[in-house]
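> Structure for this input, please:
(2 chains)
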Amino acid sequence: MGNSFIFKTELWISKYTGIKVYTIRDFIEALKVIDKLSLFYHVYINMFKYHDLPVHYSNSFAYWLYKNNYILLAEKISAIDPVDYYDLEDLRRDLVHILETNYDEKIKRELTPFYFRKAERQILELGYQAKDLKEFIEGFKNSSINSLFYHLITSKLEKKSLINDYSEWLISIGEAKKAEFINKLDIYSDNLYDIKKKILNILEDKK
Amino acid sequence: MIEKYIPYIGEEFIDELFLISRKLKGIKVLHVNSTKEGGGVAEILNRLVPLMNELGIETDWQIIKGDRTFFNFTKKLHNLLHMPGKEEINSDEIVYYLKITYENMNQIDTENYDVIFIHDPQPMGLVIKKQPGQKWIWRCHIDTSTPDPKAWHFLENFLNAYDACIFHMPEFAYEGITIPTYIIAPSIDPLHPKHIELSQEEIINTLTRFGINPEKPIILQVSRFDRLKDPFGVLKAYKLVKKKYDCQVVLVGAFAPDDPEGEQVYKELLNFATGDKDIFILNLPPNSHKEINAFQRGATVVVQKSLKEGFGLVVSEAMWKAKPVIGSNVGGIKRQIVHGITGYLVNSIEGTAVRIRYLLANPEIRKTMGFHAKERVRHRFLIIRHLRDYLLLINRLLKNND
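Presented below is the predicted three-dimensional model:
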C-alpha cells in the first residue's frame, strides 16, 4: 500500500490573536512577528472563503488596504499568488518587502482597525484511498472542496513542495502528463468548484 | 434530519461532520442559556442540539431559572456590556445575581458533562461549579467591544474561569480578554419556516393579504421598530426613489407590549406614511415566520439601514433568498455584504436611494448579485458551518487537554 493516495480534508476554526492595528506601520511590524498560522488565515483561508465570489481582492490584507484607500498597496498585495509559495516565511518576507518598498511613511492617518486572526487547522483522513487511477477518480469525485483546498494548496506548505499532492501521486503511477496539467491550473484565479471539474476532465482525458 | 441539509450544502460536507464527530465519541456536551423560546440563541439551539445528538455526541440543553429582578438585572448588564449608559450596576444586584446563580447551581447538573457551552451573561456564574477536566466555553452573542467598565469587571470575574470564549466577529471582543478567543459567526437554518422554499402562489397570497401589490417593485426592511434600525431613513430613501420609480416600501417589524419606545416609533412611522398608499408599516406577531419569509422572497430589493447593529443576521436571511441587500456599513452587516458583489454597503440616505435605483433599473444585476448573495450564505452563514465550528472547537479544547 506504499503508493496509495490517501484522501484527506482540511477544516479550521478562527481564533482571534488579540492583535489589532490602526496604521500601516503597525501593520508591517505586526506582519513581521505574527504567528505563521495568522498569515495562513488571512492569505490562504480568505482565498478559500472568497473563491466562489468575483471579488476584487481575495486576501484580507489587500481588502483592508483597499478599504482604507491604499489602492497601490492593495493591488500589489493581491498580486501575490499564495499557490506559488511552499514556505510561509517566504510569503511573510515578500509581504513585508512589498509594503516597505511601496509605502510612503510621510502619509500618516488612522485607519479602520485590522484584526489579526489565526487558523486552528484540523486535517482529517476521509477514510478512503486509491491504488490506481480508477480508484483515484472515484475518490476525487467524492471529495469536498475543503479536500481539494488541502491537497492542491495547503499540503504544499506542510511538505515544503512546489508540486501538489494529486500531481505528485499521479507522477508516481506514470501519469506525468495529467500531473503536469493539474499542477499548471490557475487555482488563484478560479474557484474550487470549477477547478474540480477541470481536474476531473483531465483525469478522464476529456481535456 | 441531518440528511435534509444535503440539498443545500452537498453530501461531502455532511460526511466531514461525521468524521469530526467520530473523534468526539463518548463525550457529553451541555448548552445552557436563559430561554427555551424566543430570540436567536434559542432558535439556533432548538436545531443544533438535536443535530449534535444525531451525530452521536450526547448533547443536552438546560435553561436557568430566575425571577423578574434577576432578569431585569441581566438585561441591564446586557445593555451595559453593549455600551456604557446612564445606569450602573449596584452591589445589591450583584448579590442577587449570585443568589439566583447558586439556586441554579443546585438545579442544573453540569457535573456529568465534558464540555459546557454557556450562552450570554445570564448563566455565566454557573462556572463556579467547574470540575477538573471539564471544558467551559462562554458563547457571547453581543457586542462587548466598548463595555461599561464596571459591568465588564463583574463579568470578567467569571470569564477568567472559562477555557475559551466565542464572539461573532473580532470587533465584538473586548480588548482585555486574556482567555483563548474564537470567532464563530452566527447562522441561519435553511429548514426553519422563515427560510424554507415557498411557492410563488404562497408569496403572492401573503403579499396581497397585506394589500401589497406583487406586480410593483418592493423595497423591504425587516427589523424591530427601533430608531437604531433607522426606519425613517428607509422611508426617506424611498421618497427619493419614488421620484423616478413607481414602487412600494414595506417595513416589517414588531414591538413587545412592554416596549413603549417601539410603540412610539411605530406610531411615528404611521404618521410619516399618512397619505402614501405605497408605504406599508406592518407590526406582526413574533412568530410570523412564513410571512417574513414571503416578504423577503417577494421583495425586489432588501434594505438594512441600521445606524448601529449587532451581527444583523436578517441580512443573511434575505441573501439566502437570493436578494441583493443594501446595508449600512456598520457591525456585522459589513461582514455579510460584499460590496458590489452581493449588494451594497452604504453610509447615507442618499447613498441608499441611489443603490436602490440602480438595482431597480437593472434586473440582471439583481439576479447576479442575488445569486452571489445566496452562495455567500451557503458557504458562510448556514447552521451546518456553525455546527462544524463548534465541533472543531470542542475537539481542539479536549485535545489540548490530552
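
> residues contacting residue B:141?
Contacts for residue B:141 (Cβ atoms under 8 Å, 6 or more residues apart in numbering or on different chains) come out as B:40, B:41, B:119, B:120, B:168, B:186, B:310. Just so you know, the C-beta spots here come from the backbone N, C-alpha and C atoms, and that holds for glycine as well.

> For the closest residue to chain A within the stretch 1-150 of chain B, give me its contacts.
As assessed by Cβ to the nearest Cβ, chain A sits closest to residue B:12 within the stretch 1-150 of chain B, at 3.7 Å. Residue B:12 makes contacts with A:142, A:143, A:144, A:147, as judged by Cβ under 8 Å, 6+ apart.

> SS state for the closest residue to the third one other than its chain neighbours?
What sits nearest to residue A:144 in space, not counting adjacent residues and going by Cβ to Cβ, 6 or more residues apart in numbering or on different chains, is residue B:12, at 3.7 Å. Assigned state for residue B:12: helix (three-state reduction, DSSP: H, G, I helix; E, B strand; the rest coil).

> same question, residue B:178
Classified using three-state DSSP, residue B:178 is coil.

> ok, it touching residue B:160?
Yes: between residue B:178 and residue B:160 there is a contact at 6.8 Å, judged by Cβ atoms under 8 Å.

> Could you list the contact residues of chain A toward chain B?
Residues of chain A lying near chain B by Cβ under 8 Å from any Cβ of the partner chain: A:9, A:11-16, A:18, A:20, A:49-50, A:52-55, A:113, A:115, A:117, A:120, A:122, A:124, A:126-127, A:142-144, A:146-147.

> Show the buried residues in those.
By neighbour count, with 16 or more other Cβ atoms under 10 Å in any protein chain shown, the residues of chain A next to chain B hold A:9, A:11-16, A:18, A:20, A:49-50, A:52-53, A:55, A:115, A:117, A:120, A:122, A:124, A:126, A:143-144, A:146-147 as buried.

> Just to be careful, could you list which of those are in strands?
If you go by DSSP state E, those have A:9, A:11-16, A:18, A:20, A:115, A:117, A:120, A:122, A:124, A:126 in strands.

> returning to that earlier point: okay, the residue nearest to residue A:144: pLDDT?
Here, the pLDDT recorded for residue B:12 equals 91.

> gap between it and residue B:3?
13 Å (Cβ to Cβ, to the nearest Å).

> What is the burial count for residue A:140?
Counted with other Cβ atoms under 10 Å in any protein chain shown, residues neighbouring residue A:140 total 19.

> what's the host helix or strand of it packed up against?
Using DSSP states H and E, residue A:140 sits within helix A:133-141. Secondary-structure packing of helix A:133-141 (3 or more Cβ pairs under 8 Å, 6 or more residues apart in numbering or on different chains; DSSP states H and E): strand A:5-21, strand A:114-130, helix A:165-172, helix A:192-203.

> switch to 7 Å and redo it
strand A:114-130, helix A:192-203 (3 or more Cβ pairs under 7 Å, 6 or more residues apart in numbering or on different chains; DSSP states H and E).

> got the contact list for the helix or strand of chain A with the lowest mean pLDDT?
The weakest-scoring helix or strand in chain A, judged by mean pLDDT, DSSP states H and E, is helix A:46-49 (a mean of 81). Residues from elsewhere that reach helix A:46-49 (Cβ atoms under 7 Å, 6 or more residues apart in numbering or on different chains): A:58, A:59, A:60, A:82, A:149, A:188.

> So which of the residues you listed sit within helices?
Among the contacts of helix A:46-49, the ones falling in helices (DSSP state H) are residue A:60.

> which among the contacts of helix A:46-49 end up buried?
The neighbour count (16+ other Cβ under 10 Å) marks A:58, A:59, A:60, A:82, A:149, A:188 as buried among those.

> so what's the second one scoring on pLDDT?
Residue A:59 is assigned a predicted lDDT (pLDDT) of 89.

> Same question for the fourth one.
What the model reports as pLDDT for residue A:82 is 91.

> Tell me, how many residues neighbour the closest residue to chain A within the stretch 51-200 of chain B?
Proximity of the stretch 51-200 of chain B to chain A (Cβ to the nearest Cβ) peaks at residue B:170, 3.7 Å away. Using other Cβ under 10 Å, residue B:170 has 22 neighbouring residues.

> If the residue lying closest to it once chain neighbours are set aside is in a bridge, with which residues?
In space, and not counting its chain neighbours, residue B:170 is closest to residue A:115: 3.7 Å by Cβ to Cβ, 6+ apart. The bridge-partner assignment for residue A:115, based on DSSP bridges, gives residue A:20.

> Would you map out the domains in the chain?
Went with chain A since none was named. As assigned by automatic domain parsing, chain A contains the domains A:10-118, A:126-203.

> was after chain B, sorry
B:2-187+B:382-401, B:200-380.

> Looking at the ones you listed, which is nearest to residue A:72?
For the domains of chain B, the distance to residue A:72 is smallest for domain B:200-380, at 19.7 Å, taking Cβ to Cβ.

> Residue A:99 is in what secondary structure piece?
Here residue A:99 is assigned to helix A:88-102, by DSSP H and E.

> what sits up against that helix?
Helix A:88-102 is contacted from outside by A:24, A:28, A:31-32, A:36, A:39-40, A:43, A:72-73, A:76-77, A:80, A:82, A:85, A:157, using Cβ under 7 Å, 6+ apart.

> Having no further points to raise, I will conclude here.
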